[in-house]
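> Just to be clear, the model below is a prediction. Sequence and coordinates:
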Amino acid sequence: MSDALRRRTEAIAMSTLVAPAARDRLRIAIQKSGRLSDPSRALLMAAGLSWRESRDRLFCFGETLPIDLLLVRDDDIPGLLDSGVCDLGVVGRNVLAEKGLTRWRELRALGFGGCRLAVAIPEGDVWRDATQLRGMRIATSYPAVLRTWLRDQDIDADIVVLSGSVEIAPGLGQADAICDLVSTGATLAANQLKPVVTVLQSEAVLAAPRTACTGARGELVTTLLQRIDGVIRQRESRLLLCRAKAAALPELLRLLVDAESPSLMRLDGDDGFAVQALCRGDLGWQRLEELKRAGAHGLMVLPIERMLA
Ligand code: PRT
Ligand code: ZN
């Protein structure tokens with residue numbers, strides 16, 4: 001944690017006039033500005049939280065629930081959990097992994113910020129398997145994760161630690177390969193590199209210290225997790241409505257494998273059924289056409305506003 005951040009977080013901790021353990025408000029660290037900041041806020045807002053933001057945009061005071069936000073650099077989040085300044089953090093699994101994954105609990109994978117930490121080599125090089133990394137110089141900002149992975153693969157290689165712009169290291173002759181985060185792969189391609197093996201799959205996670213919160217904060221964590229689960233399910237779910245003759249139902253139900261126990265309601269006056277199914281998977285045009293071919297008609301896909309299990 002930087003000195004400036006330490007001073008500011010200590011000021012925040014002091015301003016509540018209570019020791020971290022005695023706080024009854026929950027505090028969540030999220031990224032202040034970067035890839036995870038908007039989706040983190042959007043998730044918490046969808047979970048019904050709202051805030052008043054401090055002038056320095058470092059602290060957000062929770063209004064609908066006693067849950068406050070601390071807006072920081074993502075690399076500082078593990079330390080804020082360790083020190084007890086924050087109870088929860090939204091951070092990439094890659095950041096936790098680099099600082100020692102087992103020190104925190106991953107309460108939920110949040111479904112955004114998806115990427116992978118991958119080894120990449122020059123486009124022109126032939127890739128057989130990981131053993132060819134033996135003796136190579138591999139540039140990375142993730143030395144701890146890479147070291148563990150290399151050890152597990154029984155590979156001895158030189159790790160060149162860089163804090164940024166890792167992808168230019170082979171071009172500059174600093175390294176033979178790199179190990180960096182990849183999402184679309186465009187950055188690697190622009191530097192004539194190709195990903196060859198994944199070291200870690202990552203996404204944003206809700207992390208907590210090993211010791212769980214108790215009392216009022218423990219209850220807030222339970223409430224928040226329940227709401228986050230609802231938001232995640234709601235985001236990936238759609239309600240499918242349609243009608244079908246009785247004879248078409250077996251095939252339709254077979255096609256609706258991702259639906260949670262579809263409801264069938266007999267329609268008055270014919271042998272038709274109304275079908276209602278909460279689906280997790282894709283419900284695009286192709287799938288609707290497939291269902292129509294199987295005998296469904298009057299197909300409708302509706303978004304879900306809110307879910308609570
Ligand atoms: O200022 P602060 O320290 O908070 O932010 P930061 O610059 O360290 O992090 P930021 O905002 O770039 O990323 C935050 C988190 O987003 C990361 O820790 C990952 O968990 C996640 N994430 C998801 C990514 C990417 N995708 C990603 N593509 N983080 C970085 N990248 C970089 C990657 O390092 C490479 O340079 O984007 C480039 C590759 O992208 P593609 O699409 O060209 O493959
Ligand atoms: Zn960072």
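Received the coordinates, thanks. Ligands and ions are numbered 1, 2, ... in the order given.
> what are the ranges of the helices in this protein?
Secondary structure of the chain, counting by DSSP state H: helices at 3-15, 37-46, 77-82, 93-100, 143-152, 186-190, 215-236, 249-255, 285-293.
> Which elements pack onto the last one?
Helix 285-293 is packed against helix 249-255, strand 297-303, with contacts defined by 3 or more C-beta pairs under 8 Å, 6 or more residues apart in numbering; DSSP states H and E. Heads up, the C-betas are built off the backbone N, CA and C, glycines and all.
> can we see that at 6 Å?
Counting by 3 or more C-beta pairs under 6 Å, 6 or more residues apart in numbering; DSSP states H and E, no packing neighbours are recorded for helix 285-293 among the helices and strands.
> Need the contact partners of that helix.
Among residues not part of helix 285-293, those counted as contacts by C-beta atoms under 6 Å, 6 or more residues apart in numbering are 255, 299.
> if you set the cut-off to 7 Å instead, what comes out?
Contacts of helix 285-293 with the rest of the structure, by C-beta atoms under 7 Å, 6 or more residues apart in numbering, involve 242, 252, 255, 299.
> same thing with the third one?
Residues from elsewhere that reach helix 77-82 (C-beta under 7 Å, 6+ apart): 1, 9, 29, 70, 72, 86, 89, 91, 95-96, 99, 104, 207-209.
> ok, so what distance separates residue 143 from ligand 1?
As for residue 143, its distance to ligand 1 is 15 Å (criterion: C-beta to the nearest ligand atom, to the nearest Å).
> of the contacts of helix 77-82, list those near ligand 2.
The subset of these within reach of ligand 2, counting by C-beta under 5 Å from the ion, is empty.
> can you name the two of these that are farthest apart?
Comparing all pairs in those by C-beta to C-beta, the longest separation belongs to 9 and 96, at 18.7 Å.
> And for residue 164, the neighbour number?
By the other C-beta atoms under 10 Å criterion, the neighbourhood of residue 164 contains 8 residues.
> show me the contacts for it.
Contacts of residue 164 by C-beta under 7 Å, 6+ apart are residue 141.
> mind checking how far it is from residue 271?
66 Å (C-beta to C-beta, to the nearest Å).
> Kindly report the same for residue 245.
Noted for residue 245: a distance of 6 Å to residue 271, by C-beta to C-beta.
> How about the contacts made by the residue of the chain most remote from its centre?
Distance from the C-alpha centroid of the chain peaks at residue 269, with 49.1 Å (C-alpha atoms, centre = their mean). When contacts are counted by C-beta under 7 Å, 6+ apart, residue 269 is found next to no other residue.
> Surely residue 142 is in contact with residue 117?
Yes - counting by C-beta atoms under 7 Å, residue 142 does reach residue 117; the two are 5.8 Å apart.
> who touches both of those two?
Contact with both residue 142 and residue 117 is made by residues 94, 179, according to C-beta under 7 Å, 6+ apart.
> Please list the residues of the chain that sit near ligand 1.
With the criterion set to C-beta under 6 Å from any ligand atom, the chain comes near ligand 1 through 31, 34-36, 73-75, 92, 94-95, 113, 115, 180-187, 202.
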